[in-house]
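Enquirer: with the sequence up front, the predicted model follows.
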Amino acid sequence: MSQLAIHGGPKVRNDYFPPYRTIGTEEEAAVKRVLDSGVLSRFLGTWHEDFLGGPEVRALEEEWADHFGVKHAIAVNSATSGLYCAVGAAGIGPGDEVIVSPYTMSASAIAPLIYNAIPVFSDIEEDYYCLSPQSIEQRITPRTKAIIVVDLFGQVFDVDAIRALAKKHQLLVIEDCAQAPGATYRGQFAGTLGDMGVFSLNYHKHIHTGEGGIIVTQNDDLAEKLRLIRNHAEAVVEARGTASLVNMLGFNYRMTEIEAAIAREQLKKLPRLLRERWDNIAYLSEKLQSIPCLTLPKIRPETGHAFYLHTLTYCAHNKMDMVFSKGRVRLFNAGATLLIEKTA
Ligand SMILES: *Cc1c(COP(=O)(O)O)cnc(C)c1O
C-alpha cells in the first residue's frame with residue numbers, strides 16, 4: 001500500500017462532496033402555486049376558521065398525520081418552537097421538574113426553562129446514547145412532571161421501560177424525534193411513541209423546508225392546547241366554551257403557506273431518501289467492519305433506525321460522526337477526516 005494521505009501520501013479525493021440536496025422541481029412548482037395564490041399565510045389569531053391556518057398548512061397536517069399514523073399533526077415554524085409548545089401544552093410551570101438529556105441539541109434540554117420549570121439531566125445509555133431508564137428513575141421526585149426523550153442520531157428511545165416509568169409516576173413523555181423521521185419501534189413510527197412527538201424540518205434534517213417543525217399527538221386535549229400556543233393563545237376561550245384554557249402563554253410559531261407547500265413535497269420523498277441512507281449504511285458497514293479500531297453502531301432490538309448520523313466508536317473512546325451526502329459519506333471527528341466514496 002502506498003503511504004497514507006494522513007502521513008503525506010497522495011490524497012484519494014481532492015474535492016468536497018456535493019451538498020445533500022432534496023429540493024427539486026416539485027418544490028419549485030409548489031412554491032409557485034402559493035405565490036400565484038397571493039396568500040403566503042392565512043393564520044388569524046382570533047377564533048375563526050382561519051385560526052387553524054391556510055390550505056397548505058392544513059393539507060400538510062393531514063398528510064403528515066396520515067403518513068405517521070397519528071391523529072393530530074400541528075405544523076410550527078421550527079422543532080424548537082414545537083418543543084416549547086409541547087412543554088406548554090403539558091401544563092408545566094414554575095418549579096416543576098422535567099427530565100432531559102445532557103447529550104442532545106440544546107432546545108430539547110432548555111424547553112422547560114421557557115415556563116420557569118427546571119430541566120433535570122439524566123444520564124444516557126452507553127450503547128444507544130438515548131436516555132437511560134435507570135438514570136431517569138433515580139431523578140424522579142414529587143415535582144417531576146414530564147420526560148423529554150430524544151431519538152438521538154435516528155435511534156428510538158427505550159420505549160417500553162420509559163413508558164412504564166411514565167405510567168407509574170404519571171409523567172408525560174415528550175419525544176424529540178427531530179433526527180428520526182421514519183424510525184420505528186415494533187412497526188410504529190418515532191414521534192408517536194410518547195404523548196407528543198416533535199419533528200424538525202430545518203435545512204440540516206432528512207427533509208426540510210428551510211425552517212419548520214411538526215408536533216404530533218393522539219390526544220385531542222393536548223392538540224387543542226398546542227394549536228392555541230402556536231397562535232398567540234388569545235383565541236376567544238368564551239366562544240370555545242373551554243374554561244380550562246385561560247391564562248395560557250401563547251406565541252407566534254405559525255408556519256407559512258410556502259413552507260407547508262414545500263413540506264408536502266418533501267414528505268413524499270422521505271421513504272426514498274431513507275432507503276438511500278440504509279443502502280449507504282449497508283455499504284459502509286461492509287467496508288468498515290474489518291477495521292479493528294472501529295465499532296459499528298448498535299441498533300436497539302425491534303427498532304428501525306433513521307440514521308440521521310452513523311455513529312462509530314473509535315478506539316473505544318473517540319466518537320466519530322458520519323454525514324451523508326447523496327451516495328457518499330463523510331466521516332469526521334475533531335482531528336481527522338476520513339473520506340469514503342461510494343461509486344454510483
Ligand atoms: C435539529 C434538532 C432540534 C431543533 O430543530 P429546529 O427545527 O432547528 O428548531 C431539536 N432537537 C434535536 C435533537 C435536533 O436535532
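Expert: That came through fine. Numbers count the residues shown, from 1 in each chain.
Enquirer: so for the closest residue to Thr80 other than its chain neighbours, what's the pLDDT?
Expert: Excluding its sequence neighbours, the residue lying closest to Thr80 (C-beta to C-beta, 6 or more residues apart in numbering) is Ala107, at 4.1 Å. Placement of C-beta: from N, CA and C, glycine included. At Ala107, the model reports a pLDDT of 96.
Enquirer: ok, Ala107 - contacts?
Expert: Neighbouring residues of Ala107 by C-beta atoms under 8 Å, 6 or more residues apart in numbering: Ala79, Thr80, Leu83, Tyr84, Asp176.
Enquirer: now with 7 Å?
Expert: Residues in contact with Ala107 (C-beta atoms under 7 Å, 6 or more residues apart in numbering) are Ala79, Thr80, Leu83.
Enquirer: what's the helix or strand for Ile215?
Expert: Taking DSSP states H and E as the criterion, Ile215 maps to strand 213-217.
Enquirer: circling back: right, and the secondary structure at the residue nearest to Thr80 would be what?
Expert: Secondary structure assignment for Ala107 (DSSP: H, G, I helix; E, B strand; the rest coil): helix.
Enquirer: how close does it sit to Met248?
Expert: Distance of Ala107 to Met248, computed by C-beta to C-beta, to the nearest Å: 20 Å.
Enquirer: do Arg58 as well
Expert: For Arg58, the distance to Met248 (C-beta to C-beta) stands at 22 Å.
Enquirer: which one's more surrounded, these two?
Expert: Legend: neighbour count by other C-beta atoms under 10 Å for Arg58 and Met248, higher for Met248 (17 against 14).
Enquirer: secondary structure class for the more buried one?
Expert: Under three-state DSSP, Met248 comes out as coil.
Enquirer: got the contact list for it?
Expert: Listed by C-beta under 7 Å, 6+ apart, the contact partners of Met248 are Leu228, Ile229, Ala233.
Enquirer: could I get those residues as a markdown table with pLDDT, neighbour count and secondary structure?
Expert: A markdown table is the format used below for the contacts of Met248 (pLDDT from 0 to 100; neighbours: other C-beta atoms under 10 Å; DSSP: H, G, I helix; E, B strand; the rest coil):
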| residue | pLDDT | neighbour count | secondary structure |
| --- | --- | --- | --- |
| Leu228 | 91 | 24 | helix |
| Ile229 | 94 | 24 | helix |
| Ala233 | 85 | 19 | coil |
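Enquirer: which of the residues you listed sits closest to the ligand?
Expert: Ile229 (15.5 Å; C-beta to the nearest ligand atom).
Enquirer: name the nearest residue to Lys225, ignoring sequence neighbours.
Expert: In space, and not counting its chain neighbours, Lys225 is closest to Ala89: 3.8 Å by C-beta to C-beta, 6+ apart.
Enquirer: burial of that neighbour, as a residue count?
Expert: Neighbour tally, Ala89, other C-beta under 10 Å: 27.
Enquirer: output stretch 155-166 as PDB, nothing but the C-alphas.
Expert: C-alpha atoms of stretch 155-166 as PDB (Å, rounded to 0.1, in the frame of the first residue of the first chain):
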ATOM      1  CA  GLN A 155     -32.400   5.700  17.100                       C
ATOM      2  CA  VAL A 156     -35.600   5.500  19.100                       C
ATOM      3  CA  PHE A 157     -35.600   5.700  22.900                       C
ATOM      4  CA  ASP A 158     -36.100   2.700  25.200                       C
ATOM      5  CA  VAL A 159     -39.900   2.800  24.700                       C
ATOM      6  CA  ASP A 160     -41.200   0.000  27.000                       C
ATOM      7  CA  ALA A 161     -39.000   0.900  30.000                       C
ATOM      8  CA  ILE A 162     -39.600   4.700  29.800                       C
ATOM      9  CA  ARG A 163     -43.300   4.400  29.200                       C
ATOM     10  CA  ALA A 164     -43.600   2.100  32.200                       C
ATOM     11  CA  LEU A 165     -41.800   4.700  34.300                       C
ATOM     12  CA  ALA A 166     -44.100   7.400  33.000                       C
END
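Enquirer: which ones are touching the residue in the stretch 201-344 of the chain that the ligand sits nearest to?
Expert: Per C-beta to the nearest ligand atom, Asn202 is where the stretch 201-344 of the chain lies closest to the ligand, at 3.6 Å. Residues in contact with Asn202 (C-beta under 7 Å, 6+ apart) are Ser78, Ala79, His208, Glu211, Gly212.
Enquirer: sec struct for Val149, please.
Expert: Under three-state DSSP, Val149 comes out as strand.
Enquirer: thought it was touching Pro133?
Expert: No - Val149 is beyond contact range of Pro133, at 9.9 Å (criterion: C-beta atoms under 7 Å).
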